[in-house]
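Undergrad: 3D model of this:
(one chain, ligands or ions: 1)
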Amino acid sequence: MVPLLDRFRLDDRVALIAGGGGAIGSAIGAAFASAGAKVVVCDRSEERAQASADRVCAAGGTCKGVFADVTQEADAERIVRETLDAYGRLDIIVNAVGGGAGKVLYDAEAYPRDAWDWIMELNVRSTLVATQAAARQMIKSGNGGRVLNISSVRALLGINAGYSAYVAAKGAVASLTRQWATEWAKHGITVNAISPTFVDTPQVAMLLDDPAFKAGIVSRIPIGRVGTTDDLVGAALFLCSDASSFITGQILGIDGGLTATQ
Ligand SMILES: NC(=O)c1ccc[n+]([C@@H]2O[C@H](COP(=O)([O-])OP(=O)(O)OC[C@H]3O[C@@H](n4cnc5c(N)ncnc54)[C@H](O)[C@@H]3O)[C@@H](O)[C@H]2O)c1
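TA: I've put the predicted structure just below:
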C-alpha cells in the first residue's frame, strides 16, 4: 500500500502543459515539478514557454519549454514526440490554453461569427487537438494517464456581459471531459476538469480593473474574493495524481462557493 501523502506525488511522471507559458498553466507546471514530475511546457509564445521552464528549473525542477500552436495537429504530434525524446514517456496532459472572453464582448443577438470562431478555436480546438495527440500516445504506451481540462463557472452560469461564445466553448470543454472520461477509462486514462470563477491573471485584468464589475463579481462569491492561480494548483495536482484514481469525468468548481449559491 502506497502511503497516503505519496499518492499525491508525481515522481517518475511526465506532464505536458499546453499553454504552460500562461498564468494558470505556468503555475500548474511549477506545482507538478515541485511534486516530482518532469514537465514540458508548450506555448504559442516561445518566450513565455521558455520563461516558464526557466522558473521551474531555477526552483530545482526538471522542465523544458517548447514552442507549439496546439490548434495545429502537426504541432501537437511534434510536442508529444519532443516530450518522449526528452523524458521517455507521457503521463499527464493539462490543457491550459484558452480564454479570450473579455476581448470579444458582444450582445447575444448580434454575436459576430469571426469572434465566435476565434473563441472556439482558442478554447475548444486547442483542447481537442492537444488531447487527441496525447491520448493516442497514452493508449499506445498502455500505462494509462491523466487529462486535465480547464472549463469555467461560465459553463454553468450566464453573465450579463456579452459572453456567448465563451460560455459555449467552456460548456463544450466540460462535455468533452465527460465524453473522453467515458471512452478512455478502458485505457486507464482519467479525464477531469477544473472550473474556476475569475482568477486574478493578466487575461482578465481588463475586466477586474473595473471596480464596479469586480465588486459585482466578488459580492456573489461567498468567500468574498476572486481566485488566484495558487488556488488552482492543489486541485490540479490531486486530479493528475494517483490520489484521484477512481475519479473521472468530473468538473471540479474552484469558485469560492459561487456555484453553491445558485
Ligand atoms: N483567468 C481566469 O479568470 C480564468 C477563469 C476560468 C477559466 N480560465 C481558463 O484557464 C485557462 C488559462 O487561462 P490564463 O488566465 O492562464 O490565460 P493566459 O492567457 O495567461 O494563458 C494562456 C496561454 O495559452 C497560450 N496559447 C494561446 N493559444 C495557444 C495555442 N494555440 N497553442 C499554444 N499556446 C497557446 C498563450 O500564449 C498563453 O500563454 C483558459 O482556458 C481560461 O479560459 C481562466
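Undergrad: C-alpha from now on. contacts and neighbour counts both.
TA: Fine.
Undergrad: Packing partners of the helix or strand encompassing A172?
TA: Applying DSSP states H and E as the criterion places A172 in helix 164-184. Applying 3 or more C-alpha pairs under 8 Å, 6 or more residues apart in numbering; DSSP states H and E, one finds that helix 164-184 makes contact with helix 113-120, strand 145-150, strand 189-196.
Undergrad: so which of the ones you listed comes closest to I28?
TA: Ranking those by proximity to I28 (C-alpha to C-alpha) places strand 145-150 first, at 10.7 Å.
Undergrad: Just the CA atoms of that closest one, as PDB, please.
TA: C-alpha atoms of strand 145-150 as PDB (Å, rounded to 0.1, in the frame of the first residue of the first chain):
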ATOM      1  CA  GLY A 145      -2.700   8.600 -18.000                       C
ATOM      2  CA  ARG A 146      -4.400  11.800 -16.700                       C
ATOM      3  CA  VAL A 147      -6.100  14.500 -18.800                       C
ATOM      4  CA  LEU A 148      -6.900  17.800 -17.000                       C
ATOM      5  CA  ASN A 149      -9.000  20.400 -18.800                       C
ATOM      6  CA  ILE A 150      -9.900  23.900 -17.700                       C
END
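Undergrad: hmm, back to that, does any part of the helix holding A172 sit near the ligand?
TA: No: residues of helix 164-184 contacting the ligand under C-alpha under 6 Å from any ligand atom: none, with a closest distance of 7.5 Å.
Undergrad: tilt between that helix and strand 145-150?
TA: 160 degrees (axes from the mean of the first three to the mean of the last three C-alpha atoms, to 10 degrees).
Undergrad: quick one, helix 164-184 and helix 113-120 angle?
TA: Computed by the same axes, to 10 degrees, the angle between helix 164-184 and helix 113-120 is 40 degrees.
Undergrad: returning to that earlier point: JSON lines for the helices and strands packed on helix 164-184, including mean pLDDT, distance to the ligand and mean neighbour count?
TA: Formatted as JSON lines, the helices and strands packed on helix 164-184 follow (pLDDT from 0 to 100; distance: least, C-alpha to the nearest ligand atom, whole Å; neighbours: other C-alpha atoms under 10 Å):
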{"stretch": "helix 113-120", "mean pLDDT": "98", "distance to the ligand": "10", "mean neighbour count": "16"}
{"stretch": "strand 145-150", "mean pLDDT": "99", "distance to the ligand": "5", "mean neighbour count": "27"}
{"stretch": "strand 189-196", "mean pLDDT": "99", "distance to the ligand": "4", "mean neighbour count": "26"}
